[in-house]
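S.K.: kindly return the folded structure for what I paste below:
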Amino acid sequence: MSSEIIKHNPFQSMIDRFNIAADILNLDDSIRQKLQRPEKQITVNFSITLDNGNVQNFEGYRVIHNTALGPSKGGIRYDTAVNIDEVKALAAWMTWKSAVTGIPFGGAKGGIICDPRNHSKTELEKITRAYTKTLADIFGPEKDVPAPDMGTGPDEMGWLMDEFSILHGRPIHAVVTGKHLHSGGSLGRVEATGRGVSIITLLALQKLKIRPARATAAIQGFGNVGLHSALFLHEKGVKIVAVSDVSEAFYNPNGINIPELILYYNLNNKTIKGYPNSVAIKHEDLLLLDVDVLIPAAKEDVITQKNAGDIQARIIIEAANGPVSSDADQILHEKNILVVPDILANAGGVTVSYFEWLQNSLLESWRIHQINKRLEDILEKGFDTVFRVAVKHDVTPRIAAYIIALKKVAETQSVKEIALEAPQYKQN
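M.R.: Okay, the predicted model is just below:
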């Protein structure tokens, strides 16, 4: 296996950053090894009958990285590229994300190898219910709480909750987040990650003393996260000069009318392909535009040592998970580019997921202004803490975020292990 492949393994990128933070904290070897490895890795195989009568087999995963801080939490993605290393990396990032923001969750992630676009609604429901059955002993409001991710949404989460409830003989809404409102979902959950990205972007602009009305941004990815990030930043006066999705990339130096683009996207089968009021550019060129803010909101490892030297943005906000590979970190740092790491930048999703889980558990329903205000408070506090620790240790915000997360999880893990090792005395 070449070093190039190893470097662009998302799990290896996570370990690279983890080790830098662990060295700064002088983490004990045993706790270091424990936190590098998932608590559980589950591979499942199941079959469903397709609409045409054929039987198809599917492979899926659920990785529980750590539960020191609380029940594990993390999305389920349906994608042909799902693999165990990716799921392990994503599960670990969820642990650090919860720890950085102070959410009382551990980290998990799941996935099924499939292309959801090739399956009907009926088939997707069968796939989701079969996956849920195989993991019925793993999931649970106090154990492991799934959520939507790439290729999944409120429908899949509703089916998962329903199947889990059937298996347990009663409605259990808190087993999953990201549901439809009528199934116990929370207001603000759909746009939560994008709203969080916009909050963090405005804080980063403020840090560099750039006024939003004078700022330009390019956004790679126009799915749920990219779309809402673009909309909220546009509303705050930021000029979005470039956007892309899998079909096409567009540039307009005068700024793209985001509400108009969203309308086009919704009427054009959820794609921006053919949008008339911009110039088409190469996908890879979007990342290299001379803008104040670059927001990669698509997939991991889009910025590597190969193109990091050509990045011209002043700020990178990691809306996707792992969009910058670890071999690009030093290059970006030397170019004095402020990189706000994914475990802080896209934590809006897990934060509002926590709010949904809390509302379900307390049998409450919160108003949207309560949710948005609490989200803003949590992210502002997380941002301030990360930058304070970065200055204290003279490290990048990414390593600062890892230091905060590792310290919190390691200390909690150690206390739990001491409690387990303590002798149990019988009462007289």
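
S.K.: what is the helix or strand Gln413 falls within packed up against?
M.R.: Using DSSP states H and E, Gln413 falls within helix 397-421. In terms of contacts (3 or more C-beta pairs under 8 Å, 6 or more residues apart in numbering; DSSP states H and E), helix 397-421 is packed against helix 10-25, helix 29-36, helix 84-101, strand 338-340, helix 342-345, helix 368-393. To be clear about C-beta, it is placed using only N, CA and C from the backbone, and glycine gets the same treatment.

S.K.: between these, which gets nearest to Ile316?
M.R.: In terms of C-beta to C-beta, the element of those nearest to Ile316 is strand 338-340, at 4.6 Å.

S.K.: so what touches that closest one?
M.R.: Residues outside strand 338-340 that contact it (C-beta atoms under 8 Å, 6 or more residues apart in numbering): 200-201, 204, 207-208, 314-318, 324, 329, 332-333, 383, 396-398.

S.K.: and that strand, what's buried?
M.R.: Leu338, Val339, Val340 (16 or more other C-beta atoms under 10 Å).

S.K.: now tabulate those residues in JSON lines and tack on distance to Val246.
M.R.: Converted to JSON lines, those look like this (distance: C-beta to C-beta, whole Å):
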{"residue": "Leu338", "distance to Val246": "28"}
{"residue": "Val339", "distance to Val246": "24"}
{"residue": "Val340", "distance to Val246": "24"}
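
S.K.: closest to Asn277 out of these?
M.R.: Val340 (29.6 Å).

S.K.: sorry, back to before: of the contacts of strand 338-340, grab the buried ones for PyMOL.
M.R.: Filtering the contacts of strand 338-340 down to the buried ones (16+ other C-beta under 10 Å) takes a single PyMOL command:
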select buried, resi 200+201+204+314+315+316+317+318+324+329+332+333+383+396+397+398
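
S.K.: ok, which stretches of the stretch 251-400 of the chain are helices?
M.R.: 258-267, 283-286, 329-334, 342-345, 348-362, 368-393, 397-421 (DSSP state H, counting those that start in this stretch).

S.K.: what does the stretch 101-250 of the chain give?
M.R.: Taking DSSP H, counting those that start in this stretch as the criterion, the stretch 101-250 of the chain carries its helices at 121-134, 154-168, 192-207, 224-235.

S.K.: can you count the residues close to Thr43?
M.R.: By the criterion of other C-beta atoms under 10 Å, Thr43 has 12 neighbours.

S.K.: low-confidence regions, the chain specifically.
M.R.: Flagging of the chain using pLDDT under 70 yields the residue ranges 1-8, 417-428.

S.K.: what do you get if the cut-off is 90, keeping everything else the same?
M.R.: Residues of the chain meeting the criterion pLDDT under 90: 1-14, 86, 89, 150, 277, 299-300, 321-322, 413-428.

S.K.: and the angle from the lengthiest strand in it to helix 29-36?
M.R.: Ordering each strand of the chain by length in residues (DSSP state E) puts strand 55-66 first. Here the directions of strand 55-66 and helix 29-36 differ by 140 degrees (axes from the mean of the first three to the mean of the last three C-alpha atoms, to 10 degrees).

S.K.: output strand 55-66 as CSV, nothing but the C-alphas.
M.R.: Only the C-alpha atoms of strand 55-66 are listed here, as CSV (Å, rounded to 0.1, in the frame of the first residue of the first chain):
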residue,chain,number,x,y,z
VAL,A,55,-33.3,-10.9,-3.5
GLN,A,56,-30.4,-8.6,-2.9
ASN,A,57,-27.8,-8.8,-0.1
PHE,A,58,-26.4,-5.8,1.7
GLU,A,59,-23.4,-5.1,4.0
GLY,A,60,-23.6,-2.5,6.7
TYR,A,61,-21.6,-1.2,9.6
ARG,A,62,-22.1,0.4,13.0
VAL,A,63,-19.0,1.6,14.8
ILE,A,64,-19.3,2.8,18.4
HIS,A,65,-16.1,4.8,19.1
ASN,A,66,-16.6,5.9,22.7
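
S.K.: partner strands of it, parallel or antiparallel?
M.R.: Strand 55-66 pairs in its sheet with strand 40-49 (antiparallel), strand 106-113 (antiparallel), by DSSP bridges.

S.K.: let me know which of the ones you listed is tucked in deepest.
M.R.: Sort those by mean neighbour count, taking mean count of other C-beta atoms under 10 Å, and strand 106-113 sits at the top with a mean of 27.

S.K.: just give me how far that strand sits from the chain centre.
M.R.: 11 Å (C-alpha atoms, centre = their mean, to the nearest Å).

S.K.: can you dump the C-alpha atoms of it in CSV for me?
M.R.: What follows is strand 106-113, C-alpha atoms only, in CSV (Å, rounded to 0.1, in the frame of the first residue of the first chain):
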residue,chain,number,x,y,z
GLY,A,106,-20.2,9.7,22.8
GLY,A,107,-19.4,9.0,19.2
ALA,A,108,-20.7,6.5,16.7
LYS,A,109,-21.3,6.1,13.0
GLY,A,110,-23.1,3.7,10.7
GLY,A,111,-23.5,3.0,7.0
ILE,A,112,-24.8,0.6,4.4
ILE,A,113,-23.1,0.0,1.1
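
S.K.: can I get the helices of the stretch 101-250 of the chain in a markdown table with distance to Asp377?
M.R.: Shown next, in a markdown table, are these (distance: least, C-beta to C-beta, whole Å):
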| stretch | distance to Asp377 |
| --- | --- |
| helix 121-134 | 34 |
| helix 154-168 | 26 |
| helix 192-207 | 10 |
| helix 224-235 | 17 |
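
S.K.: which of these sits closest to Phe250?
M.R.: Proximity to Phe250, assessed across the helices of the stretch 101-250 of the chain by C-beta to C-beta, is greatest for helix 224-235 (11.6 Å).

S.K.: returning to what we had before: hey, which of the helices and strands packed on helix 397-421 is tucked in deepest?
M.R.: For those, the largest average neighbour count (mean count of other C-beta under 10 Å) is found in helix 342-345, namely a mean of 29.

S.K.: which strands or helices does that one pack on?
M.R.: Contacts defined by 3+ C-beta pairs under 8 Å, 6+ apart place helix 342-345 against helix 84-101, helix 192-207, helix 368-393, helix 397-421.

S.K.: Throw the ones you listed into CSV and include distance to Val241, thanks.
M.R.: Output for these, formatted as CSV (distance: least, C-beta to C-beta, whole Å):
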stretch, distance to Val241
helix 84-101, 29
helix 192-207, 14
helix 368-393, 25
helix 397-421, 24
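
S.K.: I appreciate the help and will end here.
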